[in-house]
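Chemist: I need the structure of the sequence given here:
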Amino acid sequence: MIEHIHVKTHLFYHKLIFGCFIATFAMTGFAQKADSIKPLKRNKTDPPALLHAPVRSKQTDTLHYISDDSLRKVYGKNIDRSEAFYDSLKTIAYKRKWTSILYNFAIKNNSESEGLENVISTKDLPFVSYKGKVINNIEIIRLKPFDTLQISTTRKFLSKAGNSLHILTRQSVVEKNLLVKKGEKLDPVVISDNERILRTLPFIDEANIQIVETSANSDSVDIIIITKDKFSYAFNPVIKSINKFSFKFWSVNFLGLGHKFENNLSYNSNRDPRLYYEEGKYEVANIAGSFTRGLLTYKRNDLGRKKYTVGINRDFIPPTFNNAYGSKLTYVTYPKLINTSDSTTQNLNISYSVIDAYYSWGFALSRKNMSVYHPPYLMISGRLINTSYYSRPYISADSNLGFRERTTVLGGISLVKNNYFITNYVYGFGKTEDIPYGFTVQINGGYEIGEYYNRPYTGIILAYGDFFNKFGYVSGKLSVGSYFKNSSFEQGLADLLLRFASPVSKIADGRLRNYLDINLTYGFNRLPGEIILLNDKYGMKGLSNNDLTGQKRFITGWESVYYTPWYIYGFATAIYAFADFGILAGKDQSFIRSKVYTGVGLGVRIRNENLVFNTLQLQVTYFPRPPAGADNLEFSSSGIPELQLDGFYTTAPVIPSFY
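Modeler: Residues are numbered from 1 along each chain as shown. Predicted structure coming up:
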């Protein structure tokens with residue numbers, strides 16, 4: 001028997017109209033506001049007195065972070081920053097006398113670099129000496145992706161061509177991403193956070209904030225914000241055969257508005273239709289300066305599954321925004337072959353929607369040294385998830401319960417602390433990277449109300465990360481949670497992830513760093529059909545098939561990456577070696593009795609930090625005992641996105657995913 005739920009169709013359209021309203025609001029995020037930020041005006045005879053010059057002296061593995069003892073530590077040797085950024089900055093700075101003086105104050109020569117290890121006292125922390133001073137004015141300097149000073153004739157031609165195709169980020173877009181305004185008192189932590197936020201924007205390559213006193217011993221300052229764009233357009237053709245290929249093209253800064261516009265076309269001569277629109281995404285990173293993101297997506301696959309999503313969300317950004325929120329509506333439809341009660345099969349188009357909304361609020365547990373670093377926060381959060389079906393198979397107490405309608409209400413309480421240190425050559429190719437350190441202790445609980453039965457849920461998440469002098473960066477996360485039904489665990493999960501990144505070593509003008517990842521995923525009393533995989537995406541590089549499945553998985557992955565000194569037209573190269581070990585076990589199997597899979601290999605990664613293209617990866621993997629369907633030797637090429645580590649702030653109560 002097939003059940004069609006037509007009576008609720010009007011409810012879906014109400015949700016869809018509501019979602020479209022949210023999307024329309026999100027899409028208006030490009031509305032430009034009046035220019036509140038104007039160029040600085042000063043007399044030619046009055047050069048700025050620059051008291052704060054952040055370390056910009058091209059330093060190697062320099063890990064700047066604010067520790068609990070209120071000291072800013074600098075660890076490691078001097079590193080190579082992006083030469084293009086500093087050349088570009090110099091080009092712009094020397095167009096005016098006062099900015100040329102600013103450049104000479106702010107940018108040190110490599111020969112002026114300090115020694116290996118320093119401890120700088122609180123008074124020398126970034127921006128601290130300007131605490132409480134009134135912001136008199138703000139100036140924004142925007143650089144194009146390929147602005148450079150000293151380059152060859154050929155590269156100069158290519159740079160001009162690239163810049164002519166690029167639409168520079170609008171000044172109003174940078175303004176909307178500022179946490180500070182004219183007339184406010186300067187907060188050092190807010191300024192530091194704002195510099196980091198600008199760097200994390202997908203269309204910004206580098207960002208730097210400088211403070212300039214308006215006059216000697218003045219109680220007011222001017223802020224200079226320098227941003228350098230990435231070339232925002234990219235494409236990625238994937239050719240599997242002459243009869244099957246796809247073409248993806250996107251912009252992370254559509255028309256200079258800071259919007260992401262992504263499209264993917266797919267062609268397959270053996271299907272109908274042969275050519276279709278496979279995926280689309282439109283994302284607004286910041287709606288009208290509220291730091292709220294808006295998102296519209298569409299996705300389909302060869303099996304006829306279609307997914308539509310619309311949503312908004314904002315992160316926790318203390319002390320400016322001490323709350324976070326989000327709301328997302330998802331509609332999914334797909335064909336499925338259903339076994340009916342009379343032992344026959346019938347095709348049915350399944351359709352359902354999911355509404356997911358959350359809100360969290362936090363307050364500082366200490367006000368001590370808040371101008372130096374973020375204190376611990378206590379966060380309280382709530383979440384509502386509703387799943388409704390519009391077309392589904394017949395369900396009963398003992399059949400097709402995967403299609404049951406349900407509403408889950410979750411609540412969480414968290415103790416969190418989150419700060420950042422600045423380094424490079426962790427996951428990037430020399431650009432500035434903001435690496436989080438701190439901790440999370442989150443306890444979640446809730447109740448699922450659904451057809452045929454209800455059940456409670458409880459879970460806990462523990463996370464920690466920090467840099468240890470002369471040892472490296474270590475982070476770990478433990479997630480444990482389960483539903484409870486008839487006094488037993490149901491859909492339970494325990495997941496442990498440990499990560500290690502060694503200090504960087506300088507070898508022949510290049511940089512070497514080692515990485516170690518350990519992951520244990522243990523599912524207990526999972527529902528029929530719920531499985532996890534061991535493949536290229538989940539722990540075993542180079543293994544492309546999806547035949548290895550189970551409910552328990554243990555993975556250890558080691559990787560050694562050498563960031564070479566070779567730069568060709570802005571493209572940096574890294575060579576890496578790796579070894580992966582993985583074990584999969586079934587529901588009633590132990591790891592000891594399960595087969596161990598091993599893969600070792602070499603590869604090369606190529607990336608241009610000026611571009612938004614994914615990193616090109618070429619790799620060869622050797623499997624001593626390959627699984628069924630795989631060869632001993634596997635070659636692969638792929639585009640991998642830039643990895644960014646999550647911070648330790650929590651936004652919503654979560655039910656860890658089993659994948």
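Chemist: alpha carbons only: can I get the helix or strand hosting L498 in PDB?
Modeler: Using DSSP states H and E, L498 sits in strand 488-501. The C-alpha trace of strand 488-501 is given here as PDB (Å, rounded to 0.1, in the frame of the first residue of the first chain):
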ATOM      1  CA  SER A 488      18.300   0.500  25.600                       C
ATOM      2  CA  PHE A 489      20.700   2.500  23.400                       C
ATOM      3  CA  GLU A 490      19.500   3.200  19.900                       C
ATOM      4  CA  GLN A 491      21.500   4.900  17.100                       C
ATOM      5  CA  GLY A 492      24.400   5.400  19.500                       C
ATOM      6  CA  LEU A 493      27.700   6.800  18.400                       C
ATOM      7  CA  ALA A 494      31.100   7.400  20.000                       C
ATOM      8  CA  ASP A 495      33.700   9.300  17.900                       C
ATOM      9  CA  LEU A 496      37.200  10.300  18.800                       C
ATOM     10  CA  LEU A 497      39.400  12.400  16.600                       C
ATOM     11  CA  LEU A 498      43.100  13.300  17.500                       C
ATOM     12  CA  ARG A 499      45.200  15.600  15.400                       C
ATOM     13  CA  PHE A 500      48.900  16.600  15.600                       C
ATOM     14  CA  ALA A 501      50.900  19.100  13.500                       C
END
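Chemist: and the helix or strand following that strand, what's buried?
Modeler: Later in the chain than strand 488-501, the nearest helix or strand by DSSP H and E is strand 505-507. Within strand 505-507, the residues scored as buried using 16 or more other CB atoms under 10 Å are K506. Heads up, the C-betas are built off the backbone N, CA and C, glycines and all.
Chemist: and stretch 541-549, by the same measure?
Modeler: Under 16+ other CB under 10 Å, the buried positions of stretch 541-549 are 541-543, 548.
Chemist: what's the offset of the strand holding L498 from the middle of its chain?
Modeler: 21 Å (CA atoms, centre = their mean, to the nearest Å).
Chemist: show me what it is packed up against.
Modeler: strand 472-485, strand 510-524 (3 or more CB pairs under 8 Å, 6 or more residues apart in numbering; DSSP states H and E).
Chemist: picking up where we left off before, would you list the buried residues of stretch 541-549 in JSON lines and tack on pLDDT, secondary structure and distance to I507?
Modeler: Listed next are the buried residues of stretch 541-549 as JSON lines, based on pLDDT from 0 to 100; DSSP: H, G, I helix; E, B strand; the rest coil; distance: CB to CB, whole Å:
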{"residue": "K541", "pLDDT": "90", "secondary structure": "coil", "distance to I507": "23"}
{"residue": "G542", "pLDDT": "87", "secondary structure": "coil", "distance to I507": "26"}
{"residue": "L543", "pLDDT": "88", "secondary structure": "coil", "distance to I507": "30"}
{"residue": "L548", "pLDDT": "90", "secondary structure": "coil", "distance to I507": "36"}
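Chemist: figure out which of the helices and strands packed on strand 488-501 is closest to Y277.
Modeler: Closest to Y277 of those, according to CB to CB: strand 510-524, at 34.6 Å.
Chemist: and the strands in the stretch 101-250 of the chain?
Modeler: Along the stretch 101-250 of the chain, the segments classed as strands by DSSP state E, counting those that start in this stretch run 117-120, 134-143, 204-213, 220-229, 233-241, 244-251.
Chemist: ok, which of those comes nearest G465?
Modeler: Between these, strand 117-120 lies closest to G465; by CB to CB that is 21.4 Å.
Chemist: before we move on, the earlier item: quick check, nearest of the buried residues of stretch 541-549 to G459?
Modeler: L548 (27.1 Å).
Chemist: and the helices in the protein?
Modeler: In the chain, the helices defined using DSSP state H lie at 9-27, 83-93, 97-106, 153-165, 171-176, 188-200.
Chemist: contacts for the last one?
Modeler: Read it as helix 188-200. 125-128, 130-131, 174, 177-180, 204, 206-209, 211, 223, 225, 227, 317, 319-320, 370-374, 420, 432, 434, 644 (CB atoms under 8 Å, 6 or more residues apart in numbering).
Chemist: and those residues, which are buried?
Modeler: Applying 16+ other CB under 10 Å to these flags 125-128, 130, 174, 177-180, 204, 206-209, 211, 223, 225, 227, 317, 319, 371-374, 420, 432, 434 as buried.
Chemist: can you list the strands that the lengthiest strand in the chain pairs with?
Modeler: What stands out as the longest strand in the chain, according to DSSP state E, is strand 345-364. Using DSSP bridges, the strands paired with strand 345-364 are strand 323-339 (antiparallel), strand 377-393 (antiparallel).
Chemist: state the distance from the nearest residue to F571 once chain neighbours are set aside to P145.
Modeler: Using CB to CB, 6 or more residues apart in numbering and skipping residues adjacent in sequence, the residue nearest F571 is N608, 4.8 Å away. For N608, the distance to P145 (CB to CB, to the nearest Å) stands at 9 Å.
Chemist: of these two, who's got more company?
Modeler: P145 (26 against 20; other CB atoms under 10 Å).
Chemist: can you name the residues that contact the more buried one?
Modeler: Counting by CB under 8 Å, 6+ apart, P145 has contacts 162-163, 166, 205, 228-231, 610-611.
Chemist: can you redo these as a markdown table with pLDDT?
Modeler: Formatted as a markdown table, the contacts of P145 follow (pLDDT from 0 to 100):
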| residue | pLDDT |
| --- | --- |
| G162 | 85 |
| N163 | 88 |
| H166 | 91 |
| D205 | 90 |
| K228 | 92 |
| D229 | 93 |
| K230 | 92 |
| F231 | 91 |
| N610 | 83 |
| L611 | 86 |
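Chemist: and those residues, which is closest to D536?
Modeler: Among the contacts of P145, and counting by CB to CB, the member closest to D536 is L611, at 24.2 Å.
Chemist: I'd like to know how far the closest one sits from I224.
Modeler: Between L611 and I224 the computed distance is 26 Å (CB to CB).
Chemist: higher neighbour count, the two?
Modeler: Set L611 next to I224 and count neighbours by other CB under 10 Å: I224 wins out with 21 against 18.
Chemist: grab the nearest non-local neighbour of the more buried one.
Modeler: Q210 (4.3 Å).
Chemist: please apply the same query to N313.
Modeler: Going by CB to CB, 6+ apart, N313 has G326 as its nearest residue, at 3.2 Å.
Chemist: and that neighbour, what is it in contact with?
Modeler: 311-314, 356-358, 651-652.
Chemist: just R305 next, same as before
Modeler: Contacts of R305 by CB under 8 Å, 6+ apart are 332-334.
Chemist: switch to 6 Å and redo it
Modeler: Y334 (CB atoms under 6 Å, 6 or more residues apart in numbering).
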